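Peer 1: Coordinates for the following, if possible.
(one chain, ligands or ions: 1)
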Amino acid sequence: MKFREKKLAHAYLIETNNIDKLIIDLKKLITVINCPHEYQEDCHKCNLCNLITKNNLPNLITIEPDGQMIKKAQIEDLKTAFETKPIYSKYNIYLIKNAEKLNGSSANAMLKFLEEPNEGILGFFLTNNKDIIMPTIKSRCQTLVVNYQNDNLLASLNITESKYLEYQEIIKNYLSQLKTANVFSNKEIVLTKLPERNEVEVMFKIIFEIYHNHFLKNLNKPYDIELTKIYQTAEKNPIIIKKLNIIAKFLQNLRYNVNMELLLDKFIIEMRNIDG
Ligand SMILES: [Zn+2]
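Peer 2: Numbering: from 1, shown residues only. Predicted coordinates:
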């Protein structure tokens, strides 16, 4: 993430697939913004950077849901804490974890910060799904999406990040035509770009991951929920579960050496049947 201080908004809404990882990155960003010295990567020299890294900076407040919700009292406490100008750092900064857990009254309490932006206050609303954030909050923030590559995925696929990006391009092309192109030309995308069987396997494992992430986002669950829990909640999201099953079946048949062209045909037809 590259932020430049001159362009800072007073509040950001950031959608991410990994809130904890994002907070680590945001802390780095916050040190860059506040460090009184010529900032260098991982400044350990100065007190301020050390305070931020160790979570001990009084002007940096993280709020997370208290039970099911972020409560109004939590926001009132934040407001009280930020009535005074920061002493150590340039900004009073708040991070709201799982900002979708702001309810009507806590979101209302929040609005004053957002409607009358104070130059010395900087806010970050973090969520797995920006679509379910209260519109009053959303409309007053600059929205960003920061998604992290799943390191485990790359390791398990045994491919490099640049290879992964190549696959992504092919997949984007393939999926965007899945519904519309004729079966033959759709199949050609795969067969010409990825002649090896194990390459097709990697491609479909990535496709599985894409749908899987969609599914998690819809459930608004943490990124790495175990598969067992997913199937327990299957009835809440039958279409995407059906698609995940089709992809899983494809991968299984691939391992059983079923003819590739037949498999690809079958895949397209089954996916189209589900979309109706
Ligand atoms: Zn520093």
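Peer 1: Show the contacting residues for Q149.
Peer 2: E161, Y164 (CB atoms under 8 Å, 6 or more residues apart in numbering). For every residue, glycine as well, the C-beta is placed using N, CA and C.
Peer 1: ok, now with 10 Å
Peer 2: N17, N18, E161, Y164, L165 (CB atoms under 10 Å, 6 or more residues apart in numbering).
Peer 1: what about it, helix or strand, and which?
Peer 2: Q149 is located outside every helix and strand, with elements delineated by DSSP states H and E.
Peer 1: Let me know the pLDDT of it.
Peer 2: Looking at Q149, its pLDDT reads 70.
Peer 1: how many other residues sit next to the nearest residue to L178 once chain neighbours are set aside?
Peer 2: Spatial nearest neighbour of L178, excluding adjacent residues (CB to CB, 6 or more residues apart in numbering): M271 at 5.9 Å. Neighbours of M271 under the rule other CB atoms under 10 Å: 17.
Peer 1: gap between K266 and N273?
Peer 2: Distance, K266 to N273, using CB to CB, to the nearest Å: 11 Å.
Peer 1: Find the residues that touch each one of those two.
Peer 2: Counting by CB under 10 Å, 6+ apart, the residues touching both K266 and N273 are I246.
Peer 1: More neighbours: those two, which one.
Peer 2: K266 (16 against 10).
Peer 1: Run a quick check on the more buried one versus N253, I expect a contact.
Peer 2: Yes - using CB atoms under 10 Å, K266 is in contact with N253, at 8.1 Å.
Peer 1: okay, and the common contacts of these two?
Peer 2: N259.
Peer 1: Could you list the buried residues of the lengthiest helix in the chain?
Peer 2: Criterion DSSP state H: the longest helix present in the chain is helix 197-219. Judged by neighbour count (16 or more other CB atoms under 10 Å), helix 197-219 contains these buried residues: 199-208, 211-212, 215-217, 219.
Peer 1: you'd agree E83 is in a helix?
Peer 2: No - counting by DSSP: H, G, I helix; E, B strand; the rest coil, one finds E83 to be coil, located in no helix.
Peer 1: Near it, how many residues? Count them for me, please.
Peer 2: So E83, with other CB under 10 Å, has 8 neighbours.
Peer 1: Start the count at 713 instead of 1 going forward.
Peer 2: Got it, the first residue is 713 from now on, which makes the last one we talked about E795.
Peer 1: Need the pLDDT of it.
Peer 2: pLDDT, E795: 88.
Peer 1: returning to that earlier point: so how do I select the buried members of the contacts of Q861 in PyMOL?
Peer 2: Filtering the contacts of Q861 down to the buried ones (16+ other CB under 10 Å) takes a single PyMOL command:
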select buried, resi 729+730+876
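Peer 1: So which of the contacts of Q861 are in helices?
Peer 2: Using DSSP H, the contacts of Q861 in helices are E873, Y876, L877.
Peer 1: OK, contacts around the second one?
Peer 2: Contact criterion CB under 10 Å, 6+ apart gives Q861, N862, L865, L866, L869, V914, I918 as the residues in contact with Y876.
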